[in-house]
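> I would like the atomic coordinates for the input below:
(2 chains)
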Amino acid sequence: MERLKRARTTPWPAEDGAPFVLTETCVHGRTLAAVNDAARALGLEPGLRFTDARARVPELVAEEIDREADALALKRLTLWMTRFSPLTAMDGPDGIRLDVTGCAHLFGGEDAFLATMKRALEALGLTPRLGLADSAGAAWALSRFGSSAVQISGTGKAREALTPLPIAALRLEAGTVQVLRRFGLTRIGQLYGIERTALARRFRNREAAQDVLLRLDQALGVRPEPLIPLKAPARFTARISGPEPLLSLGGIEDALIKLLTELTRQLEEAGKGARRFILTGYRSDGTRTSASLALSRPGRDGRAIARLFAPRLEAMDPGFGIDLMTLSAHGTGPLEAIASALPDGAALPGADPAETAALVDRLNARLGDDLVAIFTAHESHVPGRSEALTPFPGALKPWPVTAHRTGPRPLVVLDRPELVETIAILPDGPPARFTWRRVTRSVARADGPERIGPEWWRGSANGVRARDYYRVEDEDGHRYWLMREGLYDDQRGGTPRWYVCGLFP
Amino acid sequence: MARAILHDLPLKHFSARVEGEAARLEERLGAPLQGVHEIAPAAFADMAAALGLAVGFAQTRLHGGWLWVRTRRQRLDLGRISARGLAALGADPARVMLVETRDHTAALRAIDEAARSRAIGAVIAEVESADFTFTRRLTLAHEASATPVILVRSWRTEGSTAAHNRWRVAAAPSAPNAFDPHAPGCPRWQVTLERSREFPQRAGETFLMEMDDAPLRVRLVPTLADGAPETRPHHALAG
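Here you go, the predicted model:
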């Protein structure tokens, strides 16, 4: 409901303090999905039928709930919550779970930690209920059924904290809660004294009994309940939060340098470098902005990385201010891995791999990731498939010796062969004259043909005709790579056509 | 036809002082490339010849990779650079780092960045236009880094430049083919030194250059070579 209040552009339909509900259409008809405080005070609860609610409160204002937008907003908020702990996960439609092991002392103890968290969430226009306990189950119970908005149960005190809470706080199904209530069991504390086997016997159905025991054990921390984080945390991360929100590029630059100092120290200790760095800024309005940098080989030179980041920082929009920044390193690996990758004697003369890689990184940082490419040879005799461009792999690689063994190839290959008009065609040779790009050229000398058959193992060989390539030179000295698609008597279509495929220097 | 071009070579006009410079120019063509060079084709159809000459110039640098900068539009207008085409000119495709930028401005930035780096052997850049200020920037960068820059420009190129030399290239009928008189031989180009800060006395001269893939470098054709019988080994078909 609070998401709606913030996201809305049209005027709020109900006055402040007037009852307002969100409804949802389910099998029983239109029912209430969420209610505000005023409506709750009038006795309206989620799950009530809308017609009943309308009967009780005739002036009730209602709107349809948008579950998808809610889930999306929750996901965004969950990611933003990584500012408090790297391990965050969505919990149901309305909760977020954080594993804050070892995080609280960074904020000055558990009380201060939760107070900070509450303030941050309230600044977003939310009314959070926070629970902190030894186990996820206990924290869940405290946050939803605790007497105050912030509940902390100290280490080893989950059992006491849970005692007064209702059975429903164990995350049980409604039916199970009903059964327990019939036995007179309404508080979690009442379950402690009952023999486990006795408890199980009271249920007709084994699964329900197992469920009660599982949830009780999880709440007490007897059985583990691992958290699957929404986003796996990076192993190498540095974080920095300022007293004032950052609003300018200069502030972001300063923060980046501090973060890099910390991160490179971590990487140095581990003896590693990283190929990808992600800088994330957490804005005070609950959104994030980030910039990333990819290196062609693992590195950890803080100053060089800061310089490479510089053109990318402009894309980071501080918005209303960034109050926390993190820098994480990904794709980590040993620093020396590539220097020895070239086989002996095959290294290119004078190409200093480190300096070349540094230049490529600078170009990629300024112009776009993976822009610098190198040629790679492929095992194919078809000209279009025999070579390709691939992103610079961190060092120049020797050209395979076997790849040279083809006929003459032009320096420039047209993106696609261009059809030419031919005059004076000879059956076994290039045309005497042809018109390409509106200019008629007379062939003075020619060399060929080099016949390149289709790759029959690539299917549909029937439709593909053999191609004859000629190297021709016109009277002015321009040299072309002409191609005739098909032969005159191959019975595969009409008269063969001529194309210009490339230009020789 | 080739004979006529050779006839036009103004070799007979050399004075004593110019001859020293002439000797340096001829030496320079075989020595490792230095400076900022502009190569402009005489017409659009001569673009391949201009690129060939650029490769020939870069070949004189025996060490380091080449950064080859071009824009996406140039690929669509002209075509792709082929690794095997480079290999056919005697160049090692493994040396080439190809950058295809989104637009002209990005290409200029890439060239500028590369010219200031000492890590590479040469920069080959196909640019639509480059004004005096930009070429001046490049010469300053070259003075600091000693990385040679070859700008392959459009046939429309005119006006002043701060580059050391501007060459104008037109395709010329290739050298005689020793194995087949009807086949093209080694590529030849008619190259005019249009502007030169390095050899100002020789600006305006026209040379016939041949891409000789045996010693892997550009050389000047001896005045009478065209008429003389072909003696050196030929590699065009052997490759």
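> quick check, residue B:101 in contact with residue B:113.
No: between residue B:101 and residue B:113 there is no contact under CB atoms under 8 Å: 11.3 Å. Quick note: C-beta positions are derived from backbone N, CA and C, even for glycine.
> quick one, what contacts residue 184?
You didn't pick a chain, so chain A it is. By CB atoms under 8 Å, 6 or more residues apart in numbering or on different chains, the residues touching residue A:184 are residue A:190.
> I was after chain B.
Contact analysis of residue B:184 by CB under 8 Å, 6+ apart lists A:445, A:446, A:447, A:471, A:472, A:473, A:479, A:504, B:174, B:177, B:236.
> try 7 Å
If you count contacts by CB atoms under 7 Å, 6 or more residues apart in numbering or on different chains, residue B:184 has them with A:445, A:447, A:471, A:473, A:479, B:174, B:177.
> quick check: the farthest pair among these?
Within the contacts of residue B:184, A:479 and B:177 form the most distant pair, 12.2 Å apart (CB to CB).
> looking at those two, which is more packed in?
residue A:479 (25 against 18; other CB atoms under 10 Å in any protein chain shown).
> quick check: bridge partners of the more buried one?
Taking DSSP bridges as the rule, residue A:479 bridges to residue A:473, residue A:504.
> that one is in contact with residue A:504, isn't it?
Yes: under the criterion of CB atoms under 7 Å, residue A:479 makes contact with residue A:504 at 3.6 Å.
> shared neighbours, these two?
Joint contacts of residue A:479 and residue A:504 (CB under 7 Å, 6+ apart) are A:471, B:187.
> tally of neighbours for residue 70?
All of this refers to chain A. Neighbours of residue A:70 (other CB under 10 Å): 18.
> nope, chain B
By other CB under 10 Å, 22 other residues sit near residue B:70.
> and for residue B:111?
Neighbour count for residue B:111, taken as other CB under 10 Å: 26.
> can you check residue A:365 too?
21.
> how about the one 10 residues further on?
Residue A:375 has 24 neighbouring residues, counting by other CB under 10 Å.
> which residue packs closest to it, ignoring adjacent ones?
Computed as CB to CB, 6 or more residues apart in numbering or on different chains, the closest residue to residue A:375 that is not its neighbour in sequence is residue B:83, at 3.8 Å.
> and that neighbour, its phi and psi?
With angles defined as degrees, to the nearest 10, residue B:83 sits at phi -60, psi -40.
> quick one: residues contacting it.
Going by CB under 7 Å, 6+ apart, the list of residues near residue B:83 reads A:375, A:377, A:387, B:93.
> and what of residue A:53?
Contacts of residue A:53 (CB under 7 Å, 6+ apart): A:21, A:32, A:44, A:60.
> output the lowest mean pLDDT helix or strand found in chain A.
helix A:2-7 (a mean of 47; mean pLDDT, DSSP states H and E).
> quick one: residue A:262 and residue A:238 touch, right?
Yes: here residue A:262 reaches residue A:238: they are 3.8 Å apart, a contact under CB under 7 Å.
> looking at those two now, which is surrounded by more residues?
Neighbours were counted for residue A:262 and for residue A:238 using other CB under 10 Å; residue A:238 has more, 21 against 16.
> and residue B:31, how many neighbours?
As a burial measure, residue B:31 scores 11 neighbours (other CB under 10 Å).
> quick one: contacts for residue A:373?
By CB under 7 Å, 6+ apart, the contact list for residue A:373 reads A:389, A:390, A:391, A:392, B:98.
> okay, now stretch A:94-104: how far is its last residue from its first?
Terminal residues of stretch A:94-104 are spaced 23 Å apart (CA to CA, to the nearest Å).
> in that stretch, which residues are buried?
Buried residues in stretch A:94-104, counting neighbours by 16 or more other CB atoms under 10 Å in any protein chain shown, are found at A:95, A:96, A:97, A:98, A:100, A:104.
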